[in-house]
Each structure stands twice: as structure tokens, then as C-alpha cells.
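J.: 3D model of this:
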Amino acid sequence: MSSLAIGALAVVALLVLLFARVPIAAALALTGMAGYVAIDGWKTALDMMGAVPFELASVRANAYAFSVVPLFILMGAVAARAGMSRELYDASNAIFSGFRGALTNATIGACAAFGSICGSSIATAATFSKVAIPEMRRHGYDAGLSAGAVAAAGTLAILIPPSVLLAIYSLVAEQSLSKLFAAALIPGLLLAVLYIATVWLIAHLRPGSAPYVAPMPLRSRVRAMASLWKLAILFFLAVVGIYLGWFSPTEAAAIAAFAAIAIGFTTRTLTFAGLLDALLETVVSTAMLFFIVIGAFIFARFMVLTRIPNELVRVVGEWGLSPFVIVLAVIALYFVLGTFLEEVSTILLTVPVILPLMQSLGYDGVWFGVFVTTMCTIGLISPPVGLTVFVIQAQNPDIPAAAIYRGTLPFLFADFVLVGLLIAFPALALWLPGILKV
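T.: Numbers count the residues shown, from 1 in each chain. Predicted structure coming up:
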């Protein structure tokens, strides 16, 4: 049997294992290992299985870059336990107060701001599910719209820098994390604006779903917005410091994480118990991610051995398909994968195969990182397995999952608008990195 045929069978086997609910890390490692055995025998396969984890942890493999992931997770976990999410929601509400749909837009603004110090969509959605949904429902907002808005706005955290998902993409695709952060900033803010415009449209078409709430007094607005100093410091250290040349991405993540802890203790909003909880969450999340990364690298080594990425590029060239048709096919692929895979698995599974194809068509690797991350925001709220929807439904069991999915549909349309804009105007992602010369 040829290497290509073995590779195709391995992909089918991987999908079967995923549908059978085998953990993604184990499914990737098992199929990669079995494929290696089929092509090169047991000795080579066992050598590869031992080499991949060692190389990922080796200084020679620049393992130092991997430390950015747990550090950004720690910063977000500490910020959540230090009450910054509540402060951001109050500050965002102060900005939008007095407009119809203000509480929903305040949720979107707060999620976008929290995403700039968190980087995890699941953590953002879970945090604001507790903060924003009760407040919206207390003022008579539609339950489906309230939950759907939080589910959609939570996805902003994986696009607005610093993003854990972009950090993982940079490692897999061997792209500059500084460029990826710069490239994602404008699309991330644009998506937040599209979400706000979506809420405005819903509020005017269905006024009963988003009742008018009296504006906050000026003094309350100023007091609420004053708390944004914490966000400003953390964002400056985690992102701006990189482009000023003060820190590398890993140094910025470490300094920002330490600053979050210092701010929490200084303002007495963080306890030692809260810090221990944040550290435990960081360890568990990092271990889970790194097991998936190891499995994905094993599977990627196998894919390289089969030469499937090279053959895919050759076949597409022979068929003479236009780049636009291929991009539409890639969009369809990511949309389908997003319905049953979480975003990290999607990135690790597809990038080694799809990125060479996109680069052969002239697309930039940094642009593709923003594009695929945007597609992952769609997968996070798409049925039947929208992870942010499940997180919110678990915390609000009285809101049916079907109602939450209906609430996310208008925001899905906004996501696809951004995808279209990225394809039509690649400069949305590439202009800022070019200006900053990172």
C-alpha cells in the first residue's frame, strides 16, 4: 500500500476515533503512531514517539517559546479571580448606557476588553455568563439573546491579542507571534463592532428582546470607567511592550502575569486562595493543551512522511481551480470541523496540511492565522457542539441549548461578514504588522 493510501486511511481512522469520543490527544498520537508503523516499521515509529516530546521540551527546539501559553492563561485566570471582569462589565455599561440594547453591547465590549487580558474564549464566556446574563434577564432581556450574545462575545478572546490560540498557531505554523498579534488586532476590534451593530439591529427589529434601560448618572459612569486602569496596564505590558521593543512575547506574558497578581493583591481583590485556584487552573489547562500539542506534532510528522500536503498542492495545481474556489472549500472544511472539534484541535489538526496549500496560492501565513482563528470563532458557537454554548448552558440550565443557538445565529452572520472582508481585503490583517515592522 502506498504512503498516500496509508495517510488517507489514517485520516479516516482519526475521524472515527474522534466521533467515538476518544480524547483528541490520544486519537492524534495513536493514528500518527500506527501510520508510522505501517510506512517505516516499529523501530522508526518508536524512535519518533520518544523524540517528539523530548524535542518539544528541548532548548534546541526553542521550547522557551511554549512558556507564553501558560503565562497568558495564568494572567487571565488571575484577572478573573481578582474581579476585573465585573469592573470591565460596569465600565462597558457606563459607555453604552442609555441606548437600547445597552446591556448586551456592554457585554460585548467587556468581553472584548477581557479578551485582551485573558486569551481564552471558554474562560471569557464562563466568566461573563455569571456576570452579564443575570443582569440582562433582570431588566427583561430575551434569555436566548442574552446567552447568545455572551457565547458569541466570548469568542472575541481568541482573536483579540494576546490570544492563546494565536500563540499555538505561531508554534505550529512557525510564524512570528508578534506579527500575528498585530495582524489580529484590527479584525478582532472590527468583529466586536460588527457584534455591536448586530445588537443594534436586533434591538430595533425586536424591541421587546432588548428593553430600554435608563442611563447611568454621570458620576456613576466616571466611577465605573475609572477601573479601566487595570486593563490598560495589563494590555500595555502584554501587547504594547512587545512593539516598543521592551519585551519578547514570552517576557511580556511573564511580566503581565506578575502584574495581574500584584494588582490583585495591592487592590485587595485577590486572595491567596484565589491565586492557588488560578495556578491550579493554569496547570490543568496547560497540561491538557500540551498533551494535544504532542499528539498533533506526532500526527504532523506522519503527514509529512505520507507527503499528503505536497500531493494536495500538486493536485490542486493540476485541476486548475481558482484561489477563490479553494478558499471557499477551506471555509467549508473549517465550518464542518468546528461543529465537532474544539479550536485548538482544529488548528493543530489542519494547519500542517492546509497552510502549505494556501501559501502555494500566494496567501501569507500570518493572514492565514487570522483567517483560521476567525473560522474557529464560528465553530465555537455553531451547532451541534458549540463549546461556549455548552459552557453557558451548564451555568444557566433554565435556558435551553436550542434557545442559546438561536441567539447566536445573528452573530454567526457577523462572523461570516468578517471572513468575507478578510478575503476581499487582506490588508485588514497585514497592514498593521507592515506599519509596525515586526
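J.: got a list of what the nearest residue in space to I263 that is not next to it in sequence touches?
T.: Take I263 and drop its neighbours on the chain: the residue closest to it by Cβ to Cβ, 6 or more residues apart in numbering is K230, 5.5 Å away. Any C-beta I mention is one placed from the backbone N, CA and C, and that applies to glycine too. Counting by Cβ atoms under 8 Å, 6 or more residues apart in numbering, K230 makes contact with 79, 84, 87, 263, 267.
J.: go on, L71?
T.: 250, 253-254, 256-257.
J.: run the last query once more with 10 Å
T.: 119, 162, 164, 167, 238, 249-258, 282, 286 (Cβ atoms under 10 Å, 6 or more residues apart in numbering).
J.: just the buried ones from these?
T.: Applying 16 or more other Cβ atoms under 10 Å to those, the neighbour count classes 119, 162, 164, 167, 238, 249-257, 282, 286 as buried.
J.: okay, and which of those map to helices?
T.: 164, 167, 249-257, 282, 286 (DSSP state H).
J.: and the contacts of K230 as CSV, adding neighbour count, secondary structure and pLDDT?
T.: Shown next, in CSV, are the contacts of K230 (neighbours: other Cβ atoms under 10 Å; DSSP: H, G, I helix; E, B strand; the rest coil; pLDDT from 0 to 100):
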residue, neighbour count, secondary structure, pLDDT
A79, 30, helix, 85
M84, 29, helix, 83
E87, 25, helix, 82
I263, 19, helix, 92
T267, 14, coil, 89
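J.: among those residues, which one lies nearest to G434?
T.: A79 (31.0 Å; Cβ to Cβ).
J.: quick check: that closest one vs I117, distance?
T.: 5 Å (Cβ to Cβ, to the nearest Å).
J.: what is in contact with those two at once?
T.: With contacts taken as Cβ under 10 Å, 6+ apart, A79 and I117 have 85, 88, 230-231, 234, 256-257, 260 as neighbours in common.
J.: ok, so of those, who is nearest L418?
T.: Using Cβ to Cβ, L88 comes nearest to L418 of the shared contacts of A79 and I117, at 22.7 Å.
J.: just want the most central residue of this structure.
T.: Geometric centre of the chain, nearest residue: I158, 2.6 Å, by Cα atoms, centre = their mean.
J.: A254 against P162, yeah?
T.: No. Using Cβ atoms under 10 Å, A254 is not in contact with P162; the gap is 12.0 Å.
J.: show me the shared contacts of A79 and I117 that map onto helices.
T.: Per DSSP H, helices hold the following members of the shared contacts of A79 and I117: 85, 88, 230-231, 234, 256-257, 260.
J.: among those, which pair sits farthest apart?
T.: So, these by Cβ to Cβ: farthest apart are L88 and A257, at 17.9 Å.
J.: show me the shaky parts of this structure.
T.: Where the chain drops to pLDDT under 70, the residues are 1, 57-65, 309-310, 312, 316-317, 384-385, 438.
J.: which other helices and strands does the helix or strand where T374 lies contact?
T.: Per DSSP states H and E: T374 is located in helix 365-379. Helices and strands touching helix 365-379, by 3 or more Cβ pairs under 10 Å, 6 or more residues apart in numbering; DSSP states H and E, are helix 143-154, helix 164-173, helix 177-205, helix 323-338, helix 343-360, helix 387-395, helix 401-424, helix 427-436.
J.: between these, which one is nearest to I73?
T.: When the helices and strands packed on helix 365-379 are compared (using Cβ to Cβ), the closest one is helix 164-173, at 6.3 Å.
J.: residues of the closest one that come out buried?
T.: Neighbour-count burial for helix 164-173 flags 164-173 (criterion: 16+ other Cβ under 10 Å).
J.: repeat that for stretch 91-98.
T.: 91-97.
J.: looking at these, which is nearest F291?
T.: S92 (35.7 Å).
J.: ok, and the closest one, which helix or strand is that part of?
T.: Counting by DSSP H and E, S92 is part of helix 84-96.
J.: M358 reaches I331, doesn't it?
T.: No. M358 is beyond contact range of I331, at 11.7 Å (criterion: Cβ under 10 Å).
J.: compare those two (neighbour count), which wins?
T.: M358 (21 against 18; other Cβ atoms under 10 Å).
J.: excluding residues flanking it in the chain, which one is nearest that one?
T.: In space, and not counting its chain neighbours, M358 is closest to F368: 5.1 Å by Cβ to Cβ, 6+ apart.
J.: what about the one you found, distance to I73?
T.: 24 Å.
J.: can you check V22 too?
T.: Taking Cβ to Cβ, one finds V22 at 25 Å from I73.
J.: okay, now A287: neighbour count?
T.: Using other Cβ under 10 Å, A287 has 11 neighbouring residues.
J.: give the contact list for it.
T.: With contact set as Cβ under 10 Å, 6+ apart, A287 has these partners: P70.
J.: again, but for the one 5 residues further on
T.: Counting by Cβ under 10 Å, 6+ apart, I292 touches 23-29, 168, 342, 344-345, 347-349.
J.: which one of those residues is nearest V313?
T.: L349 (18.1 Å).
J.: surely the closest one touches V11?
T.: Yes. L349 lies in contact with V11 (Cβ under 10 Å); the separation is 9.4 Å.
J.: what helices and strands are in contact with the host helix or strand of M136?
T.: In the assignment (DSSP H and E), M136 maps to helix 121-138. Other elements packing on helix 121-138 under the criterion 3+ Cβ pairs under 10 Å, 6+ apart are helix 68-81, helix 84-96, helix 102-118, helix 143-154, helix 164-173, helix 272-306, helix 387-395.
J.: those helices: which one's closest to M33?
T.: Using Cβ to Cβ, the helices and strands packed on helix 121-138 put helix 272-306 closest to M33, at 6.6 Å.
J.: ok so, going back, what's the local residue count around the residue nearest to M358?
T.: With other Cβ under 10 Å as criterion, F368 counts 24.
J.: cool, and the one 10 residues further on?
T.: If you count neighbours by other Cβ under 10 Å, I378 ends up with 24.
J.: how near is the nearest residue to L349 once chain neighbours are set aside to W200?
T.: Spatial nearest neighbour of L349, chain neighbours left out: A296 (6.5 Å); criterion: Cβ to Cβ, 6+ apart. Distance, A296 to W200, by Cβ to Cβ: 40 Å.
J.: which one's more surrounded, those two?
T.: Legend: neighbour count by other Cβ under 10 Å for A296 and W200, higher for A296 (26 against 16).
J.: that one and V353, how far apart?
T.: A296 is 11 Å from V353, where distance means Cβ to Cβ.
J.: what does L275 give?
T.: Remark: distance between L275 and V353 (Cβ to Cβ) = 41 Å.
J.: contacting residues for I242?
T.: 161-162, 177-178, 181-182, 248-253, 436, 438 are the contacts of I242 under Cβ under 10 Å, 6+ apart.
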